[in-house]
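Asks: Let me see the structure of the following:
(one chain, ligands or ions: 1)
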Amino acid sequence: MPHKSSFVQDAHRAYDLKVEKSLAEHIIEPPYLLVEESPALEGTVSLAGAKNAVLVIMLSRILARGVSILYNVPASDDVYQMIHLLHELGARIQFDQEEHTMNIDTTDLDGYRVSLEIMKKMRASVLVMGPLLARFGKVEIALPGGDVIGDRPVDIHIKNFEKMGVTVEQNGDFLTAHVKHLQHRNLLLEYPSVGATENLLMLAVLTKGTTRIINAALEPEVFDLIIALRAMGARITVDVPATIVIEGVESLHPAEHTIMFDRMEAGSLLLAGAITGGYVNVPEAPAHTMGLFLMKLQEMGHTILIGKDGVGVKIKATKTPKAITVKTIPYPGYPTDLQAPLMAALAISQGISKIQETVYENRLSHARELVKMGAHIDTQHDTAIIRGVEQLYGAHVIAGDVRASCCLVLAGLVAKGKTVVSGIHHWKRGYDNLEHKLRALGASVVLVQ
Ligand code: EPU
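Replies: Coordinates of the predicted model:
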C-alpha cells in the first residue's frame with residue numbers, strides 16, 4: 001500500500017495536470033499570472049514609488065491652485081484611477097510613465113463631486129474629502145463601501161470632520177458634506193486610522209488655529225504626506241504621544257515632491273529572495289521604516305544586511321527557514337500589507353507558524369488558496385496556524401486583494417508545476433510591473449493578458 005504522502009503527491013500531480021488541461025482548453029480565461037517553479041532568485045532590483053503614499057499626495061494637490069510636479073510616481077492602475085478622479089474635478093494632468101513624473105495643474109479645478117463609478121473602484125478616493133472641504137467648503141461623494149478584506153467603515157473620518165464643524169449628511173450610499181466655519185480642535189482618534197489621519201490633516205492645514213490629531217497613524221506614508229504638505233507651505237509638527245500638530249495657514253502653494261520608495265514592494269522582493277533561498281539586493285529599500293519586518297526575516301534564519309543610513313537591504317536566504325509568530329498592528333508594528341506575502345514563505349518553513357491579523361477582520365482568505373497548493377493552514381477568526389510543508393504544488397488560485405496576489409505569486413515560485421493566479425486586476429492596481437522585476441531576478445512569471 002503506498003505511503004500516505006504519495007497519495008497527496010499524486011493528488012497534486014493530478015491537480016497540476018488539471019491546471020494544464022484547463023489552460024489548454026482555455027477554461028481559465030486570461031488575464032492571469034502564470035508562475036513556474038523558479039531557481040533561487042539573485043540580483044539587484046529597483047523600487048517604485050509607494051502606492052500608499054502617491055494616491056493621497058496626488059489628492060493633496062487640490063489644496064493649492066497651480067502646477068505641482070510629483071516624481072517617482074508608480075505606473076499602477078490605482079494611479080490611473082486617481083488621474084480619472086482628478087480629471088473629473090477639473091484638474092489637468094500629464095503623466096510620463098517612463099520617467100515616473102506627473103504634472104498636476106489644479107488652476108481650473110472647480111468640481112466638488114466624485115461619481116459613484118470612480119468611488120467604487122478605489123477606496124482611497126474617500127481621501128478627497130479633506131482637500132475639497134478645505135478648498136471649497138463642500139464635497140459630494142459616494143461611499144466606497146467595504147471590500148473583500150473587511151467592512152472598512154469611515155466613521156472615524158466623519159466623526160472628526162464633524163468635530164471640526166463640518167455638517168455631514170448620508171443618504172444611502174451617498175455622502176454630502178459642507179462647512180461654513182472650520183474650527184481647530186484636539187481630535188482624539190479611537191484607532192490610528194491611516195486614512196482618517198490623512199483626511200483630517202489635509203483639512204486642518206487650511207483651518208485657522210492649532211489642530212491636534214492625537215493617536216494619529218504614524219505610518220511612513222503619512223510622513224511622506226506631511227513632507228509633501230510642508231513643501232506647499234503647511235505648518236506641521238509631530239509630538240508625543242502620537243500627535244500631529246497643525247498650525248493652520250491662509251493658503252498653500254503648488255510644490256514639487258518625490259514619492260518615497262515602496263516599503264511593501266521592497267518587502268515583497270525580499271520575500272521572493274527568502275522563499276527561493278536566493279540572494280537579493282534592494283538598494284533603495286527604506287530599511288529604517290521596515291524594522292519589525294526585517295527582524296522577523298532574521299528570526300526565520302535569513303541573513304539581512306542593512307545599508308548606510310538605514311537605506312538599502314540585502315537578503316541572503318537560509319535554505320532551512322524556521323517558523324515564526326507574527327501579529328499585524330499599526331506602524332511601527334508588523335504591517336498588514338506584508339502579512340499575505342509572508343504567509344507564502346511560512347508555508348514552507350520548518351515548524352508551526354502563527355499569524356494574527358488585527359487590522360482587517362477578513363484578510364486571511366489567501367490561506368485557502370495556499371491550501372489548494374498543498375499548504376497546511378488552519379484559520380480561526382483572526383489567526384492562521386501554518387504547519388510548514390516541504391513542497392507546494394501548482395494550482396489555479398484566485399487573488400482577492402492586492403497583497404493576496406503577491407502571496408500567491410511568491411508561492412508559485414516554489415511550487416512544483418504551473419501556478420495560475422487569477423484576479424490579477426488587484427496585482428495591476430498595486431504594483432508597477434513587479435512581474436518584470438521578479439523575472440529580472442530569475443523568476444518565471446508571465447502576465448498573460
Ligand atoms: N477603520 C474604521 N473606521 C474608520 C477608518 C478605519 O473602523 O473610520 C478600520 C478599517 O476598517 C480597518 C482599519 O481601521 O479595519 C485600518 O484602516 P485604515 O484607515 O488605517 O486604513 P486605510 O487608510 O483604509 C491604508 C492603506 C492600506 C493599508 C492600511 C493600513 C492606502 C490607500 N491604503 O488604508 O493599504 O492596509 O492603510 O496600513 O493607503 C494595501 O496596500 O493593500 C492596503 C489595503
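
Asks: shouldn't residue 222 be in contact with residue 216?
Replies: Yes. Using CB atoms under 8 Å, residue 222 makes contact with residue 216 at a distance of 7.3 Å. C-betas here are computed from N, CA, C, even on glycine.

Asks: So those two - more neighbours on which side?
Replies: residue 216 (27 against 23; other CB atoms under 10 Å).

Asks: quick one: the closest residue to residue 369 other than its chain neighbours from residue 439, how far?
Replies: Sequence neighbours aside, residue 397 is the residue nearest to residue 369 in space, at 4.0 Å (criterion: CB to CB, 6 or more residues apart in numbering). Using CB to CB, to the nearest Å, residue 397 is found at 20 Å from residue 439.

Asks: Neighbour count: these two, which is higher?
Replies: residue 397 (29 against 15).

Asks: Is it correct that the more buried one is in contact with residue 372?
Replies: Yes. Proximity of residue 397 to residue 372 meets the contact threshold set by CB under 8 Å, at 5.7 Å.

Asks: any common contacting residues for residue 222 and residue 216?
Replies: The contact sets of residue 222 and residue 216 overlap at 197, 244 (CB atoms under 8 Å, 6 or more residues apart in numbering).

Asks: what's downstream of the helix or strand of the chain with the lowest mean pLDDT, the next helix or strand?
Replies: Every helix and strand in the chain was compared by mean pLDDT, DSSP states H and E; the lowest is helix 4-24, with a mean of 56. Sequence-wise, the next helix or strand downstream of helix 4-24 (DSSP states H and E) is strand 32-36.

Asks: Check which helices and strands that following strand is in contact with.
Replies: helix 402-413, strand 418-422, strand 444-448 (3 or more CB pairs under 8 Å, 6 or more residues apart in numbering; DSSP states H and E).

Asks: So which elements touch the next helix or strand after that strand?
Replies: In the C-terminal direction, the helix or strand that comes right after strand 32-36 (DSSP H and E) is strand 42-44. Secondary-structure packing of strand 42-44 (3+ CB pairs under 8 Å, 6+ apart): strand 279-282.

Asks: who does the strand it packs on pair up with?
Replies: If you go by DSSP bridges, strand 279-282 pairs up with strand 42-44 (parallel), strand 313-316 (antiparallel).

Asks: can I get the ones you listed in a markdown table with mean neighbour count and mean pLDDT?
Replies: Listed next are those as a markdown table, based on neighbours: other CB atoms under 10 Å; pLDDT from 0 to 100:
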| stretch | mean neighbour count | mean pLDDT |
| --- | --- | --- |
| strand 42-44 | 13 | 98 |
| strand 313-316 | 21 | 98 |
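
Asks: Okay, now the unreliable bits of this protein?
Replies: The chain contains residues with pLDDT under 70 at 1-26, 145-146.

Asks: and if we set it to 50?
Replies: Within the chain, the segments meeting pLDDT under 50 span 1-5.

Asks: got the residues of it near the ligand?
Replies: 51-52, 55, 123-124, 150-157, 191, 193-196, 217, 219, 336-337, 359-360, 402-403, 430 (CB under 6 Å from any ligand atom).

Asks: go again using 5 Å as the cut-off
Replies: By CB under 5 Å from any ligand atom, the residues of the chain that approach the ligand are 52, 124, 150, 152-156, 193-195, 336-337, 360, 402-403.

Asks: Scan those and report the most crowded one.
Replies: residue 403 (26 neighbours).

Asks: so how far is residue 353 from that one?
Replies: Using CB to CB, which is the criterion applied here, residue 403 is 17 Å from residue 353.

Asks: Show me what the helix or strand where residue 246 lies pairs with in its sheet, parallel or antiparallel.
Replies: Assigned by DSSP H and E, residue 246 belongs to strand 243-247. Here strand 243-247 has these sheet partners by DSSP bridges: strand 210-214 (antiparallel), strand 235-239 (antiparallel).

Asks: Right, I'll leave it there.
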